[in-house]
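S.K.: give me a model of this one.
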Amino acid sequence: MKNNEATLEPAAITTMLRNNVFNLKIEDIGLTHQKSPLVWGTMMELGYPDLTISLVALADGSCSVYLSDGTGAVGCGLYSEVRQMVTHMLNISQRMLPRCERVEQFPSPSASCARFYLLTGEGVFSTEASRLELDEGAVDIAELYYAGHNVIGMIELLGAGIDIVDEMRLAQSEIQRPGDTDTSGTHSTTTTRLRGRTWQILPSAGNAARRWHN
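M.R.: Prediction:
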């Protein structure tokens, strides 16, 4: 038994991934401020009594979903349909920036609320609103809320991304059985896609967006 190998619980992993977003620099995703819009990343968080859902969309097309219970998906941006939705969400984020305030702390949203974090070269900006108001389109930020629901809906429709729990299990098995990766030392895109599966992030994903467009 190797008691020097501590294993993080899934919920601790997704919390760490979520918190790491706020330390990202645009150079970390291979871009520069000169060639990118002011808002280069957006996080939409949906608060529930016992769960927080964090959708992360970045200007390089990458997209992930972290749930506070330790589930979620990474690598969703490998699908072109998801990347298109991410681009749309970021375009809306540019217009929503004046409705946000710069922040230095990054709390999760209150239950029944949604919180938005916009990543920029000038820091992180944020705002929060009740999901009831957002569902009804009663606040300007609702447009960004609907765009986020569209991203989640597309991820669910395609079964996009790699399940975080499955990825952690795979990583652990590779530590125990080195040499199972491909010759480049990484997983092929085909393997990554095959590990995507249909799973439900949000029971009502897409419903608010459809009401907005109709």
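S.K.: so which bits of the host helix or strand of Val82 are buried?
M.R.: Here Val82, judged by DSSP states H and E, is contained in helix 80-96. For helix 80-96, burial by neighbour count (16 or more other CB atoms under 10 Å) applies to Val82, Arg83, Met85, Val86, Met89, Leu90, Ile92, Ser93, Met96. C-betas here are computed from N, CA, C, even on glycine.
S.K.: and the residues you listed, which is closest to Val151?
M.R.: Nearest to Val151 among those, counting by CB to CB, is Met85 at 4.4 Å.
S.K.: name all residues that make contact with the residue lying closest to Leu58 once chain neighbours are set aside.
M.R.: Excluding the flanking residues, the one nearest Leu58 by CB to CB, 6 or more residues apart in numbering is Gly41, at 4.6 Å. Shown in contact with Gly41 (CB atoms under 8 Å, 6 or more residues apart in numbering): Val21, Leu24, Ile29, Val56, Ala57, Leu58, Ala59, Leu90, Leu118, Leu119.
S.K.: the fifth one - nearest residue in space that isn't next to it in sequence?
M.R.: To tie it back to what came earlier, the one meant is Ala57. Going by CB to CB, 6+ apart, Ala57 has Val86 as its nearest residue, at 4.4 Å.
S.K.: the residue nearest to Leu58 pairs with what?
M.R.: Leu58, Leu119 (DSSP bridges).
S.K.: so how far is Asn91 from it?
M.R.: 13 Å (CB to CB, to the nearest Å).
S.K.: equivalent analysis for Asn150, please.
M.R.: Relative to Asn91, and taking CB to CB, Asn150 is found at 12 Å.
S.K.: that older thread, the residue nearest to Ala57 against Val151, yeah?
M.R.: Yes: using CB atoms under 8 Å, Val86 is in contact with Val151, at 6.1 Å.
S.K.: now, which of the contacts of Gly41 sits nearest Glu143?
M.R.: Leu90 (12.6 Å).
S.K.: buried stuff in stretch 151-164?
M.R.: 151-156, 158-164.
S.K.: which ones among those residues lie within strands?
M.R.: With DSSP state E as the criterion, strands contain Ile162, Asp163 from among the buried residues of stretch 151-164.
S.K.: name the nearest of the buried residues of stretch 151-164 relative to Glu9.
M.R.: Using CB to CB, Ile164 comes nearest to Glu9 of those, at 12.0 Å.
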